[in-house]
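Engineer: Show me the folded form of this:
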Amino acid sequence: MSKEIKALEDNHTWSLVTLAPGKSPIGCKWVYKLKFNADGTLERYKVRLVAKGYTQQAGIDYEETFSPVVKMVIVRTILSIASIHDWPLYHLDVDNAFCKENFYTILVFYTKMVLGWRCPNRHCTQIVVVLVYVDDIVITSSNLALINAAKQLLQSNFKLKDLGLLRYFLGLEVARSIKDITLSQHKYTLELISSTGLSSARPSIIPLDQHVKFTSSDYDKQFDIFGDALLAALKIVKYIKSALGLGLFFPSDSSLYLTAYFDSDWASCLLTRRSVTGFCVFLGNSLLSRKSKKQITVSWSSSEAEYRAMTSVVYEIV
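Structural biologist: Just a heads-up that it's a prediction; the model follows:
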């Protein structure tokens, strides 16, 4: 706890001021966490001092200090590009979760301007990409010297711990070979199966019955529809048990051609008659993004539902 306080003070996370009239201070609390290795062994104990964010309002209670969070679609995109171009991936850990507002989710360092490294070919562009998720950092580049220079730059501003090559990030197990990068959640899957008491249950070959549609319990009673959401959820866990070895695959021989597929299920929600949008986005053969979500308004026709689905996938790409 004393190290966390010192790190917050060294980063100038706060300034002591007189409380303005009519304002209420925002409280804070200690959050204790265990960080594990990919094999499930304990790496270290960790503690954070966090603000009670549920009492804050954007632009009023916080502006300068926040914890940046990178989108998972960006993480998968960078991993796919790193696999194709054979970029090394390194994992860093920040001592505390508070960063200044100019610490963007993705930092792109142009070598001539920031790192002072000069490219042998004046037409080439060397970059370092840094992904930040609260206090976890993934760093990659086409040049190892740039990665080391970027590490030094970050360490001069933040207290970091170099964890070496990327193995485990946000509960995702990262395995790398000459042919690919693979993401899996084997450890999390085993914990999920154990917590539901299905360790000895028979695995299911399908996650869900094709014609099952979920509604509220009141709707089911009114229209005499038989369905049990709990049984369906347990069946999904049984399916996960049969798919322990599956994960996301980012091949090194993939192309950089972006492809998107989308579809809609018109008026499929029994309660609201809203349509469901589904889409997936690929970079070559690597899956970057996928979603299945109910649309926000009712579509008057299946064509309108399709256009809304197309709008969603275009928004995701852009």
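
Engineer: got the phi/psi numbers for L231?
Structural biologist: phi -60, psi -40 (degrees, to the nearest 10).

Engineer: Kindly report the same for K238.
Structural biologist: Torsion angles at K238 (phi, psi; degrees, to the nearest 10) stand at phi -60, psi -40.

Engineer: Excluding chain neighbours, what is closest to it?
Structural biologist: With C-beta to C-beta, 6 or more residues apart in numbering as the measure, S204 is the residue that lies nearest to K238, at 3.9 Å, once sequence neighbours are left out. No exception for glycine: its C-beta is placed from N, CA and C like everyone else's.

Engineer: Surely the one you found and A233 touch.
Structural biologist: No: here S204 lies out of contact with A233, judged by C-beta atoms under 8 Å, at a distance of 11.9 Å.

Engineer: the more surrounded of the two?
Structural biologist: The residue with the greater number of neighbours, taking S204 and A233 and applying other C-beta atoms under 10 Å, is S204; the counts read 17 against 11.

Engineer: Quick one: name whatever helix or strand follows the least confident helix or strand in the chain by mean pLDDT.
Structural biologist: Across the helices and strands of the chain, mean pLDDT, DSSP states H and E gives its lowest value to strand 106-108, namely a mean of 47. Sequence-wise, the next helix or strand beyond strand 106-108 is strand 128-133, with elements assigned using DSSP states H and E.

Engineer: CA atoms of the helix or strand that comes right after that next one as PDB?
Structural biologist: Secondary structure here is assigned by DSSP H and E; on that basis, the next helix or strand after strand 128-133 toward the C-terminus is strand 136-141. The C-alpha coordinates for strand 136-141 follow below in PDB (Å, rounded to 0.1, in the frame of the first residue of the first chain):
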ATOM      1  CA  ASP A 136      -1.200  -3.400 -18.500                       C
ATOM      2  CA  ILE A 137       0.800  -2.400 -21.500                       C
ATOM      3  CA  VAL A 138       1.500  -4.300 -24.700                       C
ATOM      4  CA  ILE A 139       4.300  -2.800 -26.900                       C
ATOM      5  CA  THR A 140       5.300  -3.900 -30.400                       C
ATOM      6  CA  SER A 141       7.300  -2.500 -33.300                       C
END
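
Engineer: starting at the chain centroid, how far to the next helix-or-strand element following strand 136-141?
Structural biologist: Under the assignment DSSP H and E, the closest C-terminal helix or strand after strand 136-141 is helix 144-155. Relative to its chain's centre, helix 144-155 lies at 24 Å (C-alpha atoms, centre = their mean, to the nearest Å).

Engineer: Fine by me, thanks again.
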